[in-house]
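[1] The sequence and its predicted three-dimensional model are supplied below.
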Amino acid sequence: MKSNNLILDKYKSRGIRGLIVLGITYFFLMGNYSMIRYFFQAGQGDLDISIINKCFSMGSVDKFLLFLFLVWNVGFLFQDKEKELKENLAVGEENTKKYFFSKVILIYGVSLIPMLINIFIKLIFYILYRNSFSLDKLIISFLYFITLGLLFTSIIFIMNLIVKDRMFAGIFPIFFMEGLILIFSVSELLISDKLIWVRNFLNFIGEKVLLIFNLLNLDFDKKSFSLWRQFIFIIILVLISVVLIYLTRLILKIMNFKYLDRPYFFEIPRYFIYISMSILIGFVFVNAVGYLIIMFIPSVSYVNGTLMVNIASLISMVLLFVFLEVLYKRKILNKDLVENNIEVCNEIQPCIGDFIEFDETTGFLNNNKTIDKEENFNNSL
């Protein structure tokens, strides 16, 4: 389809702006600015290897900022998302496949090319100061930066094909991950002794979840993490990114045309988002308010108070989910039902009157004119 062949041209201006913004951002987040400043200050004298290692790693704040800028970039390149999806889904699977590959080239290209440029800058300084740090450290850091950018872009990309709002599609993964860390970090302190089995279960799951997030925050120091394990970890992240890209292709294949005007393009992910939001909000706010109230009621013991807060937290999660579900169905689905009763006529969804015509004298269907109208419409397409 012509629109698919022109998609890269359509976003050329936005792509160039994205390359410039991300190129400057990566220059600071990947430590190139700090590295260049330190090398020029130190000269050819004794170099502090610990400072150099920081320039080849990325801290938690840097990763958070990297994710936010990639959220902006993917949303910036997903302008007119609903219109593009409608146009391509209405034509057929082959056109949808072309649309997918053109979007992958555009979004991943703009996200990763500035990273490759900043890696090339590091390579230049490695050649100049190759006696100051090892080649394996350089290679691992390069692979780590690319893998991190690939993983973050894949998460944001797939969320944009699930959620209509581009900003929420990028913010929700952060909200979800930080919420999990918060819950599993403080669950041992907030769960009542009378619910010891719940506490033990959360501790067991929390150890595995926190281990995964801690791996993402490693500084890839050989003293704490062997070179072989670093390489295995990078392979795992790459495989996760590949799976997400495949799921993105699958989502486009099964996407329902009529859901594109809703805030969520799929129902199962919507339930997952609502459940996650209900658990995180219910747990955090109810526990915070509940423990403040317990502090001012001396007659309530700590054990009984924590149990009451836990029960109230569970009830609030259920009520919040029900509230979100009812609100969605009343304000969104009812609106869809009203709109479905209105005849919408366009090149994608023609009106029934475009195909049929009744004889004015007999009142019966005029087959000849009906067939002519349908043939004219097909020829126009």
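    Thanks, I have it.

[2] Can you give me the neighbour number for F39?
    For F39, the neighbour count with other Cβ atoms under 10 Å is 18. Glycine gets a C-beta too; all of them are placed from N, C-alpha and C.

[3] which element is it on?
    For F39, the enclosing helix or strand under DSSP states H and E is helix 32-42.

[4] After that helix, which helix or strand is next?
    Scanning forward in sequence from helix 32-42 by DSSP H and E, the next helix or strand is helix 49-55.

[5] next structured bit after that following helix?
    Moving toward the C-terminus from helix 49-55, the next element (DSSP H and E) is helix 60-76.

[6] which helices and strands does that next one pack with?
    On a contact count with 3 or more Cβ pairs under 8 Å, 6 or more residues apart in numbering; DSSP states H and E, helix 60-76 meets helix 12-29, helix 93-128, helix 135-160, helix 166-190.

[7] Export those helices to TSV and append columns for distance to M277.
    Shown next, in TSV, are the helices and strands packed on helix 60-76 (distance: least, Cβ to Cβ, whole Å):
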stretch	distance to M277
helix 12-29	29
helix 93-128	26
helix 135-160	14
helix 166-190	8
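
[8] Low-confidence bits of the stretch 151-300 of the chain, can you list those?
    Across the stretch 151-300 of the chain, the ranges flagged by pLDDT under 70 are 214-225.

[9] the helices in it, which residues?
    Applying DSSP state H, counting those that start in this stretch to the stretch 151-300 of the chain gives helices spanning 166-190, 196-216, 227-254, 267-295.

[10] Make a markdown table out of these and add distance to T25.
    Output for the helices of the stretch 151-300 of the chain, formatted as a markdown table (distance: least, Cβ to Cβ, whole Å):
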| stretch | distance to T25 |
| --- | --- |
| helix 166-190 | 15 |
| helix 196-216 | 19 |
| helix 227-254 | 20 |
| helix 267-295 | 28 |
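
[11] For those helices, give me CSV that also has mean neighbour count and distance to I107.
    Formatted as CSV, the helices of the stretch 151-300 of the chain follow (neighbours: other Cβ atoms under 10 Å; distance: least, Cβ to Cβ, whole Å):
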stretch, mean neighbour count, distance to I107
helix 166-190, 16, 12
helix 196-216, 13, 21
helix 227-254, 15, 10
helix 267-295, 16, 20
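
[12] any idea which of the helices and strands packed on helix 60-76 is most buried?
    Counting by mean count of other Cβ atoms under 10 Å, helix 135-160 has the highest mean neighbour count of the helices and strands packed on helix 60-76, with a mean of 20.

[13] got the angle for that helix vs helix 227-254?
    20 degrees (axes from the mean of the first three to the mean of the last three Cα atoms, to 10 degrees).

[14] to the chain's geometric centre, what's the distance from helix 135-160?
    14 Å (Cα atoms, centre = their mean, to the nearest Å).

[15] Test my guess that S154 contacts L239.
    No: here S154 lies out of contact with L239, judged by Cβ atoms under 8 Å, at a distance of 11.2 Å.

[16] Give me the nearest residue to V74, chain neighbours excluded.
    Leaving aside its chain neighbours, V74 sits nearest to I156 (4.5 Å; criterion: Cβ to Cβ, 6 or more residues apart in numbering).

[17] can you pull the contacts of the one you found?
    By Cβ atoms under 8 Å, 6 or more residues apart in numbering, the contact set of I156 is 67, 70-71, 74, 169-170, 173.

[18] switch the cut-off to 10 Å
    Counting by Cβ atoms under 10 Å, 6 or more residues apart in numbering, I156 touches 67, 70-75, 78, 107, 111, 166, 169-173, 244.

[19] again with F100
    Contacts for F100 (Cβ under 10 Å, 6+ apart) come out as 4, 88, 161, 245, 248-249, 251-253.

[20] How about F27?
    33, 36, 114, 117-118, 121.

[21] so how far is M115 from it?
    10 Å (Cβ to Cβ, to the nearest Å).

[22] again with Y259
    For Y259, the distance to M115 equals 34 Å [Cβ to Cβ].
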